[in-house]
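Engineer: sharing a model that was predicted from the sequence below.
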Amino acid sequence: MANCFENLNIPTCVWFEGGEKRNAVASILAGFLFFLGWWLIIDAASVDGGITVGYHICGIFGTLSLIIVNSISNSQIRGDAYEGGCMGSRGAKIVLFIGFVMGFGSVIAACLILFANFVNKEVKQWPGVGLFLQNALIFIASLIYKFGRSDDQWG
């Protein structure tokens with residue numbers, strides 16, 4: 001059975017050769033997931049109406065987390081290009097940790113809201129699911145953008 005796929009020649013993908021295009025693909029995918037998350041919560045709030053203003057705080061903190069996490073470059077974490085400041089590379093790592101805690105906390109808060117207010121109740125469940133999906137997609141977008149890029153090129 002091992003010889004079955006031995007002579008199979010799959011051509012390489014022309015549009016994704018890695019290197020320079022890896023940053024573009026990571027940026028596009030992260031941006032699409034971020035857009036999809038906010039689109040889902042806007043849809044859940046407008047169609048079903050079960051989202052109160054307080055529930056949007058999870059998405060706001062998730063968005064702030066994405067901004068904080070992606071404002072720290074990988075070279076700042078490694079200490080290659082960041083020598084200034086009062087804490088140097090250690091300060092960049094602390095800010096990155098705070099950003100990830102905010103993002104994961106928003107996902108946990110959305111999960112708590114989903115199970116406490118929407119599951120096993122006599123209300124529509126789509127607003128709670130939309131809230132959870134919004135925060136999960138924003139957190140995944142943050143991870144893809146942070147770790148999917150090959151280096152610190154902004155192009």
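Structural biologist: That came in fine, so what should we check first? Because the structure is predicted, anything quoted here is derived from the model rather than measured.
Engineer: so which bits of the worst-scoring helix or strand of the chain on mean pLDDT are buried?
Structural biologist: Counting by mean pLDDT, DSSP states H and E, the weakest-scoring helix or strand in the chain turns out to be helix 74-78, with a mean of 78. Neighbour-count burial for helix 74-78, counted by 16 or more other C-beta atoms under 10 Å, picks out 74, 76-77. (Glycine included, C-beta is placed from N, CA and C.)
Engineer: now stretch 43-62
Structural biologist: Buried, per 16+ other C-beta under 10 Å, within stretch 43-62: 44-45, 50-51, 55, 58-59, 61-62.
Engineer: farthest-separated two in the residues you listed?
Structural biologist: G50 and F61 (20.0 Å; C-beta to C-beta).
Engineer: so which residues of the chain form strands?
Structural biologist: Taking DSSP state E as the criterion, the chain contains no strands.
Engineer: flag the shaky bits of it, pLDDT-wise.
Structural biologist: Filtered on pLDDT under 70, the chain yields the residue ranges 1-8, 10-20, 81-85, 150-155.
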